[in-house]
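In: Predicted model, plus sequence, below.
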Amino acid sequence: MIGAIDIGGTKIAAGMVDENGRIVRSMECPTDAQAGFSNAISRMASMLRQTAQQASVEITGIGIGSTGPVDPETGLIGNVEFLPGWEGKSLVAALRKEFDVPIAVENDADAAALGEAFWGAGRGKRHVLCVTIGTGIGAGIILNGKLYRGVDGSHPELGHHVIDTNGPLCSCGARGCWERLASGTHLAEWYNTQSSTNPVTAKRIFELAAEENPLAVKAVEREAYYLGVGVANLATLFSPDMIILGGSVMGGAPMLIDGIRNIVRQNCAFVPHERIEVRVASLGPYTGLIGAARVWYHRFAKSEG
């Protein structure tokens, strides 16, 4: 059975996932990056062994989805602000010392895309984009059934394409990039600068909008607009079978999805937009762990086409 590891900024999840994308056993712990890379590897290995024992299975491979830049070939972690001391360390090499099995790793957005494309909302589709909207915006691209990577195996940063050149400055160096205008972070930031009450989270803004709070309703409409513009750009650029939207912000999907689809209809006249499905992710809170397992299958399974 495949052992899966999902590494995030606040928590690490690990577990056993079968060949149909079903989580058999799982557990999690705080990332606790300050404790060091070796400590985190020990906890990952322990969780894998515990969940394998609970499921009465043998680990035959390990798939990893990790936040931040990660080299898919070497497993080397790039510069991640909230993983101090991890840069230049290899997840693959470290875990291979613990387990003598094939190991595959991808950026967490790519892992989520693989999970949703093959075991989730995009099952049966050949060209799928999966966008995760939360603290930031990340996306994975599946073209012709294969994960797309750029030069030197790099992960395309679709969350940083510019949609308003007069917009706020982003850490990427651009003004008005998609992440800076439509992430959950910016949704809360915009609302809180307009409100005279105590700061609230993006989740609370959706709750207030459901209660017909005028400012919250305006914030959600603005969010749907900017998400829609970005999705419409992806539809025009890639003309995929499906664009899947996931992440914490899509917890407010009932208030967003119609507005997003309307923007796509209005802005995508030169592609067959009526055949491009815009859907909400289906794997829910388990996307990261299921996607991590799919990383292994995508790399090593003989049946992959």
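Out: Done, it's in.
In: Now do the same for the residue of the chain positioned farthest from its centre: helix, strand or coil?
Out: For the chain, the largest distance from the centre (C-alpha atoms, centre = their mean) belongs to Ser196, which lies 32.8 Å off. Classification of Ser196 using DSSP: H, G, I helix; E, B strand; the rest coil returns coil.
In: quick one: the nearest residue to Gly252 once chain neighbours are set aside from Glu223, how far?
Out: Once flanking residues are discounted, Gly252 sits nearest to Phe206: 3.8 Å by C-beta to C-beta, 6 or more residues apart in numbering. Bear in mind the C-beta positions are built from the backbone N, C-alpha and C, glycine included. Phe206 is 9 Å from Glu223, where distance means C-beta to C-beta, to the nearest Å.
In: Between these two, point out the one with more neighbours.
Out: Per other C-beta atoms under 10 Å, whichever of Phe206 and Glu223 has more neighbours is Glu223, with 29 against 23.
In: Which residue is the nearest non-sequential neighbour of the more buried one?
Out: Using C-beta to C-beta, 6+ apart, the closest residue to Glu223 is Leu187 (5.1 Å).
In: how many neighbours does that neighbour have?
Out: By other C-beta under 10 Å, 25 other residues sit near Leu187.
In: ok so, going back, so what's in contact with Phe206 and Glu223 at the same time?
Out: Gly252 (C-beta atoms under 8 Å, 6 or more residues apart in numbering).
In: Can you check the pLDDT for the residue nearest to the spatial centre of the chain?
Out: Nearest to the mean C-alpha position of the chain, by C-alpha atoms, centre = their mean, lies Ala109 at 3.5 Å. For Ala109, the pLDDT comes out at 90.
In: Okay, and the beta partners of the spatially closest residue to it that is not a sequence neighbour?
Out: Closest residue in space to Ala109, ignoring its immediate chain neighbours: Gly138 at 3.3 Å, by C-beta to C-beta, 6+ apart. Applying DSSP bridges to Gly138 yields these beta-bridge partners: Thr132.
In: residues contacting Gly138?
Out: Going by C-beta under 8 Å, 6+ apart, the list of residues near Gly138 reads 107-109, 112, 131-132, 157-159.
In: In helices, which of these fall?
Out: Here DSSP state H is the test, and these give 108-109, 112 as lying in helices.
In: which element is Ile244 on?
Out: Counting by DSSP states H and E, the element that carries Ile244 is strand 242-246.
In: Which strands and helices lie in contact with that strand?
Out: When contacts are defined as 3 or more C-beta pairs under 8 Å, 6 or more residues apart in numbering; DSSP states H and E, strand 242-246 packs onto helix 108-119, strand 128-133, helix 214-238, helix 253-267, strand 277-280.
In: May I have that strand as CSV, with CA atoms only?
Out: This file holds the C-alpha atoms of strand 242-246, laid out as CSV (Å, rounded to 0.1, in the frame of the first residue of the first chain):
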residue,chain,number,x,y,z
MET,A,242,-12.3,21.3,-16.6
ILE,A,243,-11.1,23.9,-14.1
ILE,A,244,-11.5,22.7,-10.5
LEU,A,245,-11.6,25.1,-7.6
GLY,A,246,-10.6,24.0,-4.1
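In: switch to numbering from 610
Out: Sure, I'll start counting at 610 from here, so that last one is strand 851-855.
In: Tell me the strands beside that strand, with direction?
Out: Strand 851-855 pairs in its sheet with strand 737-742 (parallel), strand 886-889 (parallel), by DSSP bridges.
In: Can you mark which positions in the first one are buried?
Out: Residues 737-742 are the ones in strand 737-742 that count as buried (16 or more other C-beta atoms under 10 Å).
In: Other residues contacting it?
Out: Here strand 737-742 makes contact (C-beta under 8 Å, 6+ apart) with 717-718, 721-722, 725-726, 731, 746-751, 767-768, 791-793, 836, 839-840, 843, 847, 849-859, 890, 896.
In: And for the last one?
Out: With C-beta under 8 Å, 6+ apart as the contact definition, strand 886-889 has outside contacts at 730-731, 840, 844, 850-855, 859, 862, 866, 869-870, 873.
In: Now with 6 Å, please.
Out: Strand 886-889 has contacts (C-beta atoms under 6 Å, 6 or more residues apart in numbering) with 730, 851-854, 859, 862, 870.
In: Thanks a lot, catch you later.
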